[in-house]
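1. sharing a model prediction with you, sequence too.
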Amino acid sequence: MFPPRQDVLRLMPEIILSLSGILLMLIEPFLSGARRTLIVTLAALGSGLALVSTIYPATLPGTAFSGLLRIDGFSVFVHVVVEAVAFLVIIGSADYLDREKIQHGEYYALVLFATVGMCVMAGAAELMTAFVGLETSSISTYILAGYRRDVPRSNESAMKYFLLGSFATAFFLYGIALLYGATGTTQLARMTFPTTPGRERLLDLGLGLMLVGLAFKIAAAPFQLWTPDVYEGAPTPVTALMASGPKAAAFALLLRILATVGAAGTFWFWALWVSAALTMFVGNLAAIAQSNVKRMLAYSSISHAGYILVALAAAAASDQVELGVAAVLYYLAVYALMKLGAFIFVSQLGGESERHMEIDDFRGLAVRQPVAAACFALFLLSLLGLPVTSGFLGKFYIFNAALASRLIWLAVLLAINTVIAAFYYLRVIVVMYMRQPNQTWPPAPMPWAVTFVLSIAAAGTFYLGLFPGRVMALATQAALSLPGR
Amino acid sequence: MNQTHILSWILFTPLIGAIVLLFVPRQLDNAQRVIGNVFGFLGLAVSLPLIWRFQIGTPGYQFRENYDWIPSIGAHYSLGIDGISFLLVMLTTILGAISILSSWSAIQNRKKEYYILFLLLQTGMLGVFMALDFFLFYLFWEVMLVPMYFLIGVWGSDRRLYAAIKFFLYTLAGSVLMLLAILALYYRAHEVAGAGAAYTFDIPTSLGAVPQFSTTLQRILFWGFFFAFAIKVPMFPFHTWLPDAHTEAPTAGSVILAGVLLKMGTYGFIRFSLPLLPTDAVARQHIINILMVLSVVGIIYGALVCLMQKDMKKLIAYSSVSHLGFCTLGIFALNPHGVSGSVIQQINHGISTGALFLIVGVLYERRHTRMISEYGGLSTPMPNFAAIYLIATLSSLGLPLLNGFIGEFTILSGVFQVSLRWTAWAVVGIVLGAAYLLWLYQRVMFGPVTNPMNEHLPDLNMREYATLVPLMLLAFWIGIYPKPLFRVLDVPVRQIVEQVNPGYYNSATAQRWGEKPPVAAANDAARTESDSTKALAASAPPAIIAASSEPIAVNTAEKR
Amino acid sequence: MTPQLVIFLVLAAIAIAGAVNVILQRHPIHSAISLISVMIALAGLFLLLESEFIAVVQIIVYAGAIMVLFVFVIMLLNAGAEERTNMSRMARYAGVPLAIFLLIELAYQIGAAALSMTPQPLAEDVTRRLSMLLFQDFVFPFELTSILILIAILGALVLAQRGESVPAKGGPKTIT
């Protein structure tokens, strides 16, 4: 039995991604000579094509595969974010892999497969499918985290990520089982609020366990402990991927469950509130103490998860769900771009074996490489949330959603955190611009691929910061396309 | 109203300059300087037509431009100026051009970035004074932080990093709170406007809805905005970033910082804080009392600290705290004298303090020290410099016939209508101001040349004349014939006072300000007092009653 | 006490004891064998619930294939007895109590929920319905699992090539 044509069309991005991943694995042994260029081109082409083909299902909203997948504005939005991240990471990784002498086709195949998993998470309308998607993306990233096999820290990173990640997915799976027990279905849309008190209890328990599993994936406190070690040990382009892609997918899944399952909103609101507040403070306060840029960025990504959680709490708190959801989506796009840019920049600057990751290594970079330093400064200012950069508008929409839902205290905490965060972002800028250059270590010039990624990220950061209208309209549409409770 | 784009041109000329500079190769050192200066003056040139096109006496905003920007949240690209912002825009373009010129030889490394950032800073500051949309306003307000931060941090002196970060964090802390307040205002204004109304960030519309808010919300909003402005001004307990930033910044940075940046805070007070004052008389009086105390403390504290400074630049920096205290004092007198005096004093402070910073810069370029003890008897080798320095000093301390006198006098007459006590304290500040400025002048310029290194210092060169002489001319002009400024301010100030303090005009039969019969003023004050004491007696503990009704009591006693 | 309850209690006891033993044993091979007993006991529990198919799958896949793989790997690695380490302070004072708390909480909640629910008879023809579900309604996640397995193989390859120097750029590369 072959699935109907429409279903296949709706699944086109995933199919293209998987096929190009498999193709890469197949042809790699036969290649010699101009291997690298061809592999990178193929991988980039795969993700690029997927990106293009995502636009197509946008015209075909509906469900596919007997209601397991749902193609709507929401899933398309997240698809685009995730695929764009994959595209940029693939291009940005090439030079890094050369330098570390781990240039294999498998790397790109894994990135593509991870993207398949994230795409499925974004479109899943059923929990088993979501789970398989989650596993697909997680396992690929576990492997990618340990890709520098000869480096103990990378191994540690993969191991830690794997152990804790499996633990989290187990929680998620257990949650699904309990939810199934409570409602008799795993289809999100069919989950109704059970009337018998026993089932109600099961539902709460299941939702709670699922929240724990997903909170781990998005690195929300108190489940964020793994993040700094894993992010620091993983190859930096992989960190770029982990910080932006899977996080976006996990948030998307969380949003979909939150929006679709009745009872989820009220149940999760306080959990989200507390977790948001904790996450922001934990991330920002720990980031201040870091001297390693990569680790600092890892902590900063924890705090950003906290900011997004504020918007989630806002979505859970009010009747105007779409305001909060749109804010989450917009921030995800914004955050993916700036974080990716920052990590890719760091990956290039780190040099061989990522030796130059201390803040002090960035001394006087503005004199040595004015353009690259300006890009990095831009990303940092955007992460900080200054106007004209996309980070400001992202944060603005979150403030907006929080105040619309009357979460005034959470908004105030977010404001306080912005100021705390300024401290450590500025420190890097200070070092780059206001100190004498490091004499012993001249950084290598930026290769064109990295320059390309940085300029796209920078252009996106400006575009989303100055003309948010179009993307925000899409995000709002996406939020409205979520089936309501 | 016909659409003109003159404001956009003024706003974006510096930005265009910055973008052009981006593409000038790094090797062409001199070209960068030249282009930077060209665009600095171009920025001034495009703003000159405002002078004859600005219609004095027309109420409301002029040269309005309004385009949709982010329709989903109701943010507009909306510009417009009234008399108050007109003067501040002119001050910005003039001081901008002068400070860019003053950097010609002072900045030797990384010129390209310097001029780019300076031009960006210009755009940011101009935007703050022109924006009529909260979103746009906030954007410019924050954006101008970054270039200033770099200017201090990269081209400043020894403790520049500390100063730069302190400046950034202080200002950011204030402005984030303001963002929350803006959003709260945005939602509440929409609720007040009714379900059918569109969300809007339009400043006049949003502020127009404020009187319908609850007193609690008005209070919260007022304080939300207050911190951002108070840090920027800076008012007394929030001033600690200022001496560091001013002292460490390069000369041109200090000029802009003192001349324009601080005015963003006072501008914010006039434009936003006054309309946000609670409509409830008790709550309002409570706030006003606090602000008056802070202003007066700022005036006197700033002046006293000045007396013990060893560093010239730091002395002038602290003198800003004192002078800006006058500005806020005038604003919260809530009458036309106070407010328009305050605006004029802001302009004056830009001119005089800007000139003083330039003068310190002149000395610093020659000797690379700012310590007062290093100098002495400079009037012998540098006579022309001595003359200009004297004019700047006198203008700053408020000698009649020079600009400072006009501003301070008008403010004091405004404050006098409210309370004698505050006026008396403020006069103490003026006396102290004369003391520290003259003492500084004496120590630096008079007497024998004590330090042999100072014996052959060259006098001013052409470029330095070009930066200082225009400021001196402005100082004389405002001091001798300030009428045009008052005419420009008349209508907007009256509008603000009518909105904020309607009692002022209601009881006065004469419409022109300054002709208010004292009896009416006394009646006013008496009424306010009885209202407030009654309400307070019902609600507040006795200590607060005493504290908040005291100045009014003094006031009425005086009038009777 | 019905015979079913007796059987349940026995099987449950075996499962729990086996699971605890997996952790307590110091030699991996002992742990693996305890795990087999857990799997078999679980299969028995499924039989008790009239799910013959799952019971058989449990034995064939877990107790059979996967456990054989485990044992092979342990033998290949020639893993010896593990060293015991002291629990970290964090684990002792925070971890253990929290774990016990979680256990009690889950047991309580599920127990409370189960008490208030009425048991429902299982439908006829479980195997057939299961395969219909798996290959028709849930064919998508089922197929996706194949990618998952592919990733696992890929991961094993990538991570297991330890110490082997990577051929220079452009050179031929062998995958073993």
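-> Yep, it's here.
2. what sits against the residue nearest to the spatial centre of chain C?
-> Nearest residue to the geometric centre of chain C (CA atoms, centre = their mean): C:Tyr62, 7.4 Å. Contacts for C:Tyr62 (CB atoms under 8 Å, 6 or more residues apart in numbering or on different chains) come out as C:Met39. The C-beta positions use only the backbone N, C-alpha and C, and glycine is treated the same way.
3. what distance do you get for it to chain B?
-> Distance, C:Tyr62 to chain B, by CB to the nearest CB, to the nearest Å: 54 Å.
4. show me what residue of chain C gets nearest to chain A.
-> Chain C approaches chain A most closely through C:Ser116 (3.2 Å), counting by CB to the nearest CB.
5. quick one: pLDDT of that residue?
-> You'll see C:Ser116 listed with a pLDDT of 70.
6. does the nearest residue to it once chain neighbours are set aside belong to a helix or a strand, and which?
-> By the measure of CB to CB, 6 or more residues apart in numbering or on different chains, the closest residue to C:Ser116 outside its immediate chain neighbours is A:Gly198, 3.2 Å from it. Applying DSSP states H and E as the criterion places A:Gly198 in helix A:197-217.
7. and after that helix, which helix or strand comes next?
-> Following helix A:197-217 in sequence, per DSSP H and E, is helix A:227-233.
8. which elements pack onto that next one?
-> Other helices and strands packing on helix A:227-233, by 3 or more CB pairs under 8 Å, 6 or more residues apart in numbering or on different chains; DSSP states H and E, are helix A:152-183, helix A:236-260, helix A:293-317.
9. can you tell me if the second one touches chain C.
-> No: applying CB under 8 Å from any CB of the partner chain, one finds that helix A:236-260 is not in contact with chain C, the shortest distance being 12.3 Å.
10. tell me the helix or strand right after the longest helix seen in chain B.
-> Looking across chain B with DSSP state H, the single longest helix is helix B:160-193. In the C-terminal direction, the helix or strand that comes right after helix B:160-193 (DSSP H and E) is helix B:203-208.
11. now the helix holding A:Gly198: buried residues?
-> A:198-217 (16 or more other CB atoms under 10 Å in any protein chain shown).
12. average pLDDT for that helix?
-> Per-residue pLDDT over helix A:197-217 has a mean of 84.
13. got the CA coordinates for it in CSV?
-> Included here for helix A:197-217 are C-alpha records, laid out as CSV according to Å, rounded to 0.1, in the frame of the first residue of the first chain:
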residue,chain,number,x,y,z
PRO,A,197,-10.8,11.5,38.8
GLY,A,198,-8.4,8.6,38.4
ARG,A,199,-7.7,9.4,34.8
GLU,A,200,-7.4,13.0,35.5
ARG,A,201,-4.6,12.2,37.9
LEU,A,202,-2.9,10.1,35.2
LEU,A,203,-3.2,12.9,32.8
ASP,A,204,-1.5,15.3,35.1
LEU,A,205,1.2,12.9,35.9
GLY,A,206,1.8,12.1,32.2
LEU,A,207,1.9,15.8,31.3
GLY,A,208,4.3,16.4,34.1
LEU,A,209,6.7,13.7,32.9
MET,A,210,6.6,14.9,29.4
LEU,A,211,7.3,18.4,30.5
VAL,A,212,10.4,17.1,32.3
GLY,A,213,11.6,15.3,29.2
LEU,A,214,11.2,18.3,27.0
ALA,A,215,12.6,20.7,29.6
PHE,A,216,15.7,18.7,29.4
LYS,A,217,15.9,19.1,25.7
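14. just checking, what packs against it?
-> helix A:152-183, helix A:236-260, helix A:264-288, helix C:96-115.
15. tell me which of those helices sits most buried.
-> Stretch with highest mean neighbour count among the helices and strands packed on helix A:197-217: helix A:236-260 (a mean of 27; mean count of other CB atoms under 10 Å in any protein chain shown).
16. what's the angle from that one to helix A:152-183?
-> Interaxial angle of helix A:236-260 relative to helix A:152-183 (axes from the mean of the first three to the mean of the last three CA atoms, to 10 degrees): 10 degrees.
17. and the pLDDT for the closest residue to A:Trp268 other than its chain neighbours?
-> Spatial nearest neighbour of A:Trp268, excluding adjacent residues (CB to CB, 6+ apart): A:Ala316 at 5.5 Å. Note for A:Ala316: predicted pLDDT of 84.
18. how close does A:Ala316 sit to chain C?
-> For A:Ala316, the distance to chain C (CB to the nearest CB) stands at 22 Å.
19. where does the chain have low pLDDT?
-> With no chain named, the answer covers chain A. A:1-2, A:32-34, A:57-59, A:193-197, A:262-267, A:439-442, A:484-485 (pLDDT under 70).
20. ah, I was thinking of chain B
-> Across chain B, the ranges flagged by pLDDT under 70 are B:1-3, B:195, B:506-560.
21. can you give me the helices for the stretch 51-200 of chain A?
-> Secondary structure of the stretch 51-200 of chain A by DSSP state H, counting those that start in this stretch: the helices cover A:73-100, A:105-123, A:127-145, A:152-183, A:197-217.
22. and of those, who's closest to B:Leu471?
-> Across the helices of the stretch 51-200 of chain A, the minimum distance to B:Leu471, taken as CB to CB, is reached by helix A:73-100, at 51.5 Å.
23. between that closest one and helix A:105-123, how big is the angle?
-> Per the same axes, to 10 degrees, the angle that helix A:73-100 makes with helix A:105-123 is 160 degrees.
24. touching chain C at all, helix A:73-100?
-> Yes: using CB under 8 Å from any CB, helix A:73-100 reaches chain C at A:Asp98.
25. packing partners of that helix?
-> So helix A:73-100, by 3+ CB pairs under 8 Å, 6+ apart, packs with helix A:12-27, helix A:35-55, helix A:105-123, helix A:236-260, helix A:321-349, helix A:448-466, helix A:469-481.
26. which one of these lies nearest to chain B?
-> Taking the helices and strands packed on helix A:73-100 one by one with CB to the nearest CB, helix A:469-481 is closest: 5.2 Å.
27. neighbouring contacts of that closest one?
-> Residues external to helix A:469-481 that are found in contact with it (CB under 8 Å, 6+ apart): A:61, A:72-74, A:76-78, A:321-323, A:325-327, A:329-330, A:333, A:393, A:397, A:464, B:69-73.
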